[in-house]
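>>> coords please:
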Amino acid sequence: MGYAHADIELTNPRLPDLGKLKARAMADTGALTLCIPEHVRARLQLEAVEQREVTVADGRRALVPYVGPVRVWFKNRSCFVGALVLGAEILLGAVTMEDMDLIVCPAQRSVEVNPQSPNFPQALVK
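Here you go, the predicted structure:
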C-alpha cells in the first residue's frame, strides 16, 4: 500500500530569521508527536528542553532529546509543537495532525485538510 506523506514547512519561532525549512514528512498515526532527524534540529537551531524515553517499532527503548518550540505549516494551517529528535526522516504524528485538523487519505497516500473544515482548523473542546 505505501505510506502517506505531506509537504510541510518547519520554523523555529524563537529565531524567525532562520526562515522556513521545506520538507516531506511521513504521516505516522502511530506516533503521537512530531519526530525530526538531527540535521533538521541543527538547521533550525532547536534547543533541547529535556530528554524523553521512547519505545520504537522493534520494542527498543531509548532516551532522545525533546526540542521546541517548532512551528509546523501545512497548506493553510499551522501549529506549535515540541519534537522528538530521532530517526532519518520527519514523522508527522497524530497530535500534530489533530492540532491542524488534518486527515490521512490512505488511497491517495496523502495528508489533506479536513474537508469538513476547509477554511480553518476545527477542534472538539467539550
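>>> longest strand anywhere in the protein?
strand 61-74 (DSSP state E).
>>> partners of the very next helix or strand once past that one in the sheet?
Proceeding N to C from strand 61-74, the next assigned helix or strand is strand 77-85, under DSSP states H and E. Sheet pairing here is set by DSSP bridges, and for strand 77-85 it gives strand 34-36 (parallel), strand 61-74 (antiparallel).
>>> next helix or strand past strand 77-85?
Heading C-terminal from strand 77-85 (DSSP H and E), you reach strand 90-93.
>>> so which residues make contact with that following strand?
Contact with strand 90-93 is made by 6, 8, 10, 23-29, 31-37, 40, 72, 111, as judged by CB atoms under 8 Å, 6 or more residues apart in numbering. Using the backbone N, CA and C atoms, a C-beta is placed for each residue, glycine as well.
>>> thinking again about what came up before, ok, which of the strands paired with strand 77-85 comes nearest Gln122?
strand 61-74 (14.8 Å; CB to CB).
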